[in-house]
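In: I would like the atomic coordinates for the input below:
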Amino acid sequence: MGGMMNMMDATREQDADHRFAAAAVESFISDAMAAVGLPTADAAKVAQLMTEADLTGADAHGVFRLPQYVRRIRAGGVNTRPRITVEKTAAATALVDGDNGMGHLVVSRAADTAIELARDAGVAWVGVRRSNHAGTAGLYAAMPVAHGMIGLYGAVANANHMAVWGGADSLLGTNPLAIGVPSGAGPVVLDMATTVVSYGTVKNYALQGKPMQPGWMVNTATGDDILDAKRAAEGLLLPIGGYKGSGLAVMLGFLAGPLNRAMFGRDVIDFNADDASETNTGHFIIALDVARFLPLDDYKAEVDRHVRELKESKRLPGVDEIRMPGERRRQCREDRARNGVPLAPALVAQLDKMAAELGVKPLNQRTSS
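Out: Next up is the predicted model:
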């Protein structure tokens with residue numbers, strides 16, 4: 001299984017015709033964001049986080065999302081100059097109001113707030129309301145890790161593509177969960193949707209004309225698997241672990257949505273279908289100072305020991321490697337930082353068209369590898 005996954009990862013990389021230097025991708029995103037009205041510093045921040053998603057292998061949450069973000073901004077669905085406010089509600093809690101700004105800006109402010117509060121209180125819980133799609137969850141769970149803390153992030157997804165277990169109404173999103181812990185090798189990051197795959201992955205497959213795998217989506221009328229990503233509207237994504245994934249999506253929704261006076265359930269605005277409406281997306285982030293329990297270096301050493309023992313444990317037949325959360329993320333980042341970010345031809349064509357509309361230099365005229 002491990003060998004098969006490695007082969008699949010390699011195949012996905014080889015299918016892309018071109019690799020583009022991370023600096024080229026980042027400058028392209030920044031120029032596009034500035035062209036639709038974001039202040040220079042905000043455009044650069046969004047570009048840095050989106051590029052980090054691409055570097056770490058979250059292909060459905062990096063530059064792939066740029067045309068959709070641009071479309072929503074131009075339709076008035078996102079505030080390009082938000083007044084993001086932080087209300088500290090207790091020693092270890094705060095609520096961030098994003099003023100309908102780009103989610104990357106809002107959630108990174110929430111992460112900074114959580115880290116600041118946790119330095120004093122040892123732990124912090126920061127809720128977010130009036131935000132937007134913020135990319136991959138792992139970005140934000142990893143932020144406290146850089147400060148010697150454990151990070152935990154959850155959100156209500158920006159569209160409903162799943163039913164509660166046993167149901168057929170689309171009332172739940174892919175509501176993601178990410179957890180980051182420090183180790184000697186770098187952040188150990190679990191980043192997962194509560195569906196088998198994210199809807200961004202489905203959109204990416206549709207763009208490239210690639211068939212989906214059985215068990216990802218089900219046709220609500222027939223109960224059959226949907227393998228053609230372009231027919232996604234006919235069905236729903238399936239949860240991880242059956243009823244357990246459904247239950248986890250519900251509980252993450254309660255924590256990120258109603259607790260922050262943000263959207264959940266039937267109230268969620270589908271940002272794929274509605275470009276002009278405010279989504280009032282809810283998130284939460286927790287930061288925990290490791291040093292309040294034991295010295296940081298001691299904790300890292302213990303994590304490293306356990307990771308080593310888990311990876312060296314006896315394997316099932318056909319498995320050539322046991323991988324830990326965040327391991328592929330680190331390997332992917334090292335490869336792409338050195339060799340460039342692979343982008344599918346269909347995506348490059350879409351980005352070229354958008355560049356012409358915005359009057360910015362296309363990717364192929366920037367430094368590529």
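
In: C-alpha only now, for contacts and for neighbours.
Out: Will do.

In: From the rest of the structure, what touches the helix or strand harbouring Ala110?
Out: Using DSSP states H and E, Ala110 falls within helix 103-121. Applying Cα atoms under 8 Å, 6 or more residues apart in numbering, the set of residues contacting helix 103-121 from outside is 42, 45-46, 49, 84, 91-94, 96-98, 123-128, 131-135, 140, 143-144, 147, 149, 283, 285-289.

In: And stretch 50-67, by the same measure?
Out: Applying Cα under 8 Å, 6+ apart, the set of residues contacting stretch 50-67 is 22, 25-26, 29, 135-136, 139, 200-201, 203-204, 329-330, 332-333, 336-337, 341, 347, 350-351, 354.

In: In strands only, show me those residues.
Out: Val341 (DSSP state E).

In: just the buried members of the contacts of stretch 50-67?
Out: 22, 25-26, 29, 135-136, 139, 200-201, 203-204, 329-330, 332-333, 336-337, 341, 347, 351, 354 (16 or more other Cα atoms under 10 Å).

In: May I have the phi/psi pair for Trp154?
Out: That one is not Trp; residue 154 is Gly. phi -150, psi 160 (degrees, to the nearest 10).

In: For it, which non-adjacent residue is spatially closest?
Out: Leu177 (4.7 Å; Cα to Cα, 6 or more residues apart in numbering).

In: Quick one: neighbours of Val348, just the number.
Out: Neighbour count of Val348, defined by other Cα atoms under 10 Å: 19.

In: hang on, the earlier thing: quick one: distance of the helix holding Ala110 to the chain centre.
Out: Its chain's average C-alpha position is 17 Å from that of helix 103-121, according to Cα atoms, centre = their mean, to the nearest Å.

In: same deal with stretch 197-208?
Out: That offset, for stretch 197-208, works out to 13 Å (Cα atoms, centre = their mean).

In: Derive a PyMOL selection command for the buried subset of the contacts of helix 103-121.
Out: The PyMOL selection below is limited to those of the contacts of helix 103-121 classed as buried (16+ other Cα under 10 Å):
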select buried, resi 42+45+46+49+84+92+93+94+96+97+98+123+124+125+126+127+128+131+132+133+134+135+140+143+144+147+149+283+285+286+287+288+289
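
In: any idea whether Ala232 is helix, strand or coil?
Out: Under DSSP: H, G, I helix; E, B strand; the rest coil, the three-state class of Ala232 is helix.

In: That one and Asp225 touch, don't they?
Out: No: applying Cα atoms under 8 Å as the test, Ala232 and Asp225 come out as separate, 10.4 Å apart.

In: hey, what's in contact with both of these two?
Out: Common neighbours of Ala232 and Asp225 (Cα under 8 Å, 6+ apart) are Met217.

In: pretty sure Arg129 belongs to a helix, no?
Out: No: counting by three-state DSSP, Arg129 is not part of a helix but strand.

In: what about it, distance to Arg315?
Out: Using Cα to Cα, to the nearest Å, Arg129 is found at 44 Å from Arg315.

In: Could you tell me how many residues sit around Asp297?
Out: Around Asp297 there are 15 residues (other Cα under 10 Å).

In: Make sure it is indeed in a helix.
Out: Yes: judged by three-state DSSP, Asp297 forms part of a helix.

In: And it, how far from Thr281?
Out: Asp297 is 37 Å from Thr281, by Cα to Cα.

In: swap in Lys45?
Out: Taking Cα to Cα, one finds Lys45 at 19 Å from Thr281.

In: Got the confidence number for the spatially most central residue of the chain?
Out: Among the residues of the chain, the one closest to the centroid is Thr136, at 1.1 Å (Cα atoms, centre = their mean). You'll see Thr136 listed with a pLDDT of 96.

In: for Ala10, same thing?
Out: 40.

In: Do a quick rundown of the helices in the stretch 201-350 of the chain.
Out: In the stretch 201-350 of the chain, the helices defined using DSSP state H, counting those that start in this stretch lie at 243-256, 296-311, 327-339, 345-358.

In: With just CA atoms, put the longest one into PDB.
Out: C-alpha atoms of helix 296-311 as PDB (Å, rounded to 0.1, in the frame of the first residue of the first chain):
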ATOM      1  CA  LEU A 296      10.100  21.600  24.500                       C
ATOM      2  CA  ASP A 297      13.200  19.700  23.600                       C
ATOM      3  CA  ASP A 298      12.100  16.800  25.800                       C
ATOM      4  CA  TYR A 299       8.700  16.700  24.100                       C
ATOM      5  CA  LYS A 300      10.300  16.800  20.600                       C
ATOM      6  CA  ALA A 301      12.700  13.900  21.600                       C
ATOM      7  CA  GLU A 302       9.700  11.800  22.800                       C
ATOM      8  CA  VAL A 303       7.800  12.500  19.600                       C
ATOM      9  CA  ASP A 304      10.800  11.600  17.500                       C
ATOM     10  CA  ARG A 305      11.200   8.300  19.500                       C
ATOM     11  CA  HIS A 306       7.600   7.300  19.000                       C
ATOM     12  CA  VAL A 307       7.600   8.300  15.300                       C
ATOM     13  CA  ARG A 308      10.700   6.100  14.900                       C
ATOM     14  CA  GLU A 309       9.100   3.200  16.700                       C
ATOM     15  CA  LEU A 310       5.900   3.500  14.700                       C
ATOM     16  CA  LYS A 311       7.700   3.600  11.400                       C
END
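
In: any low-confidence regions in the protein?
Out: Within the chain, the segments meeting pLDDT under 70 span 1-17, 367-369.

In: quick one: the residue of the chain most remote from its centre and Glu234, what's the gap?
Out: Here the chain reaches farthest from its C-alpha mean at Pro317, the gap being 32.7 Å by Cα atoms, centre = their mean. Computed as Cα to Cα, the Pro317 to Glu234 distance reads 38 Å.
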